[in-house]
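K.L.:
got a predicted model here, sequence first, then my questions.
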Amino acid sequence: MTPITLPHATPLTALPPLSLYIHIPWCIKKCPYCDFNSHNISRYQPLATITPTQTAPSGLPEDAYVDALLADLQTELPNIWGRPVETIFFGGGTPSLFSAQAIDRLLSGVRALVRLQPNAEITLEANPGTFEIEKFQGFKEAGITRLSIGVQSFNDDMLNCLGRIHNSREALAAIDTALNLFEKVNIDLMYALPNQTVQTALYDVRTAITTGAGHISAYHLTMEPNTAFGHTPPPGLPSDENALDIEDAVHAELQEAGFLHYETSAFARAGMQCRHNLNYWQFGDYIGIGAGAHGKISYADRIERTTRRRHPNDYLAAMQSEPAGGIERQTIRRDDLAFEFMMNTLRLTDGVPAAMLQQRTGISTAQIMPQIETARRKSLLESDPTVFKPTAQGRLFLNDLLQCFL
């Protein structure tokens, strides 16, 4: 396919909503399927120059890392000055390893530096294996409004195969406590697991539904490069055909229970969608702070991607000496803007208004009309000119749809 070559993009007349992503890179144990920037606590060796005044019971350098995060955010302030922050998301790693006191100090520092909206959604990812009632209560008091619990399965054999540190009983206890504290709770599940059948997958989904959680994320287990499973896949993985049967059953069960399939892997009851992730998928802006964190910041005349130092030691050292030196900035090429926009927005079941393309990128619909027509001709994109919305076939073959915009 001939690459898109665009004439100049017009300046943005308004900047998109702004979110804040905070990365906590440590885990008790690295899961064999995980390709996120996470590091085992047992392998953490602090630099001699890093002497936190207080560490978590796990030995993590909480104070030093919170200081580094706030220095990181302060460095970004000139680029987002005056813009309100709509949502915050603590991802990992395992953010729930940090004490409630550390999360409270960090959020207090964030509020002092940026204009955080009074109704901001503040999500923290939690592992049932790090669950304590007092800690969850402390997270709420610190300002967390939404908890996302990484369950993956309610089958203990599956959890053992996936290398998880919790069991199904602990998962249910964590969910029950979270639902008594937080209005919004998400359960992460995985499917197409080793030796999984449609019935065992449905058991996981039905158990999650029965808890009363308003949001369920359902991910297909994939063998990512540079992971233990990527190097040595576990035995018993379902065939592609069986995996598709499992996926269809999982999706149908959630929709029948009243969950809206609003994004490729996300299901929510009315009003329970994840606002932070919606901002990603609508090509909004986000500051990314923490080891290995990525960000996207729009200006009137360009859009930048930012990346932090990946290893916690390198990140901490950079933020202690010269924070700006620990941040890499790269302007998105004009010819890549349309693809990047579509790569995010077409994950949404209902798509986005067509006018958003120009609002968020400066590229007009007319400039990529040949690519749009190709996608429509292949029955991957709806024909309605007022919206960019994948068809049912487009949702099923999302990569084929995105190829139209390369």
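P.N.:
Sure, I can see it.
K.L.:
what residues sit buried inside the strand ranked longest in the chain?
P.N.:
Looking across the chain with DSSP state E, the single longest strand is strand 115-126. Buried residues in strand 115-126, defined by neighbour count with 16 or more other CB atoms under 10 Å: 116, 120-126. C-beta: built from backbone N, CA, C; applies to glycine.
K.L.:
what of stretch 240-257?
P.N.:
Using 16+ other CB under 10 Å as the burial criterion, the residues of stretch 240-257 that qualify are 243, 245-247, 249-251, 253-254.
K.L.:
then stretch 73-85?
P.N.:
73-76, 79-80, 83, 85.
K.L.:
pipe those residues into a markdown table and attach distance to residue 9 and pLDDT per row.
P.N.:
What follows is the buried residues of stretch 73-85, written out as a markdown table (distance: CB to CB, whole Å; pLDDT from 0 to 100):
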| residue | distance to residue 9 | pLDDT |
| --- | --- | --- |
| 73 | 29 | 98 |
| 74 | 30 | 97 |
| 75 | 27 | 97 |
| 76 | 24 | 97 |
| 79 | 19 | 97 |
| 80 | 21 | 97 |
| 83 | 21 | 97 |
| 85 | 26 | 98 |
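K.L.:
from those, which is closest to residue 336?
P.N.:
Closest approach between those and residue 336, by CB to CB: residue 79, at 20.3 Å.
K.L.:
okay, and the closest one sits in which element?
P.N.:
If you go by DSSP states H and E, residue 79 is part of helix 62-80.
K.L.:
and the strand or helix carrying residue 393, average pLDDT?
P.N.:
Per DSSP H and E, residue 393 falls inside helix 392-396. Mean pLDDT, helix 392-396: 95.
K.L.:
okay, now the unreliable bits of the protein?
P.N.:
1-8, 42-59 (pLDDT under 70).
K.L.:
residues contacting the residue nearest the centre of it?
P.N.:
Residue closest to the average C-alpha location in the chain (CA atoms, centre = their mean): residue 277, at 6.3 Å. Contacts for residue 277 (CB atoms under 8 Å, 6 or more residues apart in numbering) come out as 89, 263, 266.
K.L.:
and with 10 Å instead?
P.N.:
By CB atoms under 10 Å, 6 or more residues apart in numbering, the contact set of residue 277 is 19, 87, 89, 121, 123, 148, 186, 215, 217, 262-263, 265-266, 347.
K.L.:
can I get those in JSON lines including distance to residue 292?
P.N.:
Output for those, formatted as JSON lines (distance: CB to CB, whole Å):
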{"residue": "19", "distance to residue 292": "17"}
{"residue": "87", "distance to residue 292": "20"}
{"residue": "89", "distance to residue 292": "15"}
{"residue": "121", "distance to residue 292": "23"}
{"residue": "123", "distance to residue 292": "19"}
{"residue": "148", "distance to residue 292": "19"}
{"residue": "186", "distance to residue 292": "22"}
{"residue": "215", "distance to residue 292": "25"}
{"residue": "217", "distance to residue 292": "21"}
{"residue": "262", "distance to residue 292": "28"}
{"residue": "263", "distance to residue 292": "23"}
{"residue": "265", "distance to residue 292": "22"}
{"residue": "266", "distance to residue 292": "23"}
{"residue": "347", "distance to residue 292": "22"}
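K.L.:
so what does the helix holding residue 79 touch, helix or strand wise?
P.N.:
Contact analysis of helix 62-80 by 3 or more CB pairs under 10 Å, 6 or more residues apart in numbering; DSSP states H and E lists strand 18-24, helix 100-113, strand 285-289, strand 294-298, strand 303-308, helix 312-321, strand 327-331 as its packing neighbours.
K.L.:
okay if I get those as JSON lines plus distance to residue 11 and mean neighbour count?
P.N.:
Below are these laid out as JSON lines (distance: least, CB to CB, whole Å; neighbours: other CB atoms under 10 Å):
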{"stretch": "strand 18-24", "distance to residue 11": "18", "mean neighbour count": "24"}
{"stretch": "helix 100-113", "distance to residue 11": "28", "mean neighbour count": "18"}
{"stretch": "strand 285-289", "distance to residue 11": "16", "mean neighbour count": "25"}
{"stretch": "strand 294-298", "distance to residue 11": "11", "mean neighbour count": "20"}
{"stretch": "strand 303-308", "distance to residue 11": "11", "mean neighbour count": "19"}
{"stretch": "helix 312-321", "distance to residue 11": "33", "mean neighbour count": "20"}
{"stretch": "strand 327-331", "distance to residue 11": "14", "mean neighbour count": "13"}
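K.L.:
got the ones you listed as a markdown table, with distance to residue 388 columns?
P.N.:
Listed next are the helices and strands packed on helix 62-80 as a markdown table, based on distance: least, CB to CB, whole Å:
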| stretch | distance to residue 388 |
| --- | --- |
| strand 18-24 | 21 |
| helix 100-113 | 33 |
| strand 285-289 | 19 |
| strand 294-298 | 19 |
| strand 303-308 | 18 |
| helix 312-321 | 37 |
| strand 327-331 | 24 |
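K.L.:
figure out which of those is closest to residue 195.
P.N.:
That would be strand 18-24 among the helices and strands packed on helix 62-80, by CB to CB, at 32.3 Å.
K.L.:
now for the following helix or strand past that closest one, which elements pack on it?
P.N.:
The element immediately downstream of strand 18-24 (helix or strand, assigned by DSSP H and E) is strand 26-27. Helices and strands touching strand 26-27, as assessed by 3+ CB pairs under 10 Å, 6+ apart, comprise strand 39-40.
K.L.:
any idea how far the longest strand of the chain is from the chain center?
P.N.:
Distance of strand 115-126 from the chain centroid (CA atoms, centre = their mean, to the nearest Å) equals 14 Å.
K.L.:
also stretch 20-27?
P.N.:
With CA atoms, centre = their mean, you get 11 Å for stretch 20-27.
K.L.:
dump that stretch to PDB, keeping only the CA atoms.
P.N.:
The C-alpha trace of stretch 20-27 is given here as PDB (Å, rounded to 0.1, in the frame of the first residue of the first chain):
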ATOM      1  CA  LEU A  20      -1.500  11.800  34.400                       C
ATOM      2  CA  TYR A  21       0.000   8.300  34.400                       C
ATOM      3  CA  ILE A  22       2.200   7.300  37.300                       C
ATOM      4  CA  HIS A  23       4.300   4.100  36.900                       C
ATOM      5  CA  ILE A  24       5.300   2.000  39.900                       C
ATOM      6  CA  PRO A  25       7.800  -0.600  38.500                       C
ATOM      7  CA  TRP A  26       8.100  -3.200  41.200                       C
ATOM      8  CA  CYS A  27       6.400  -6.600  41.700                       C
END
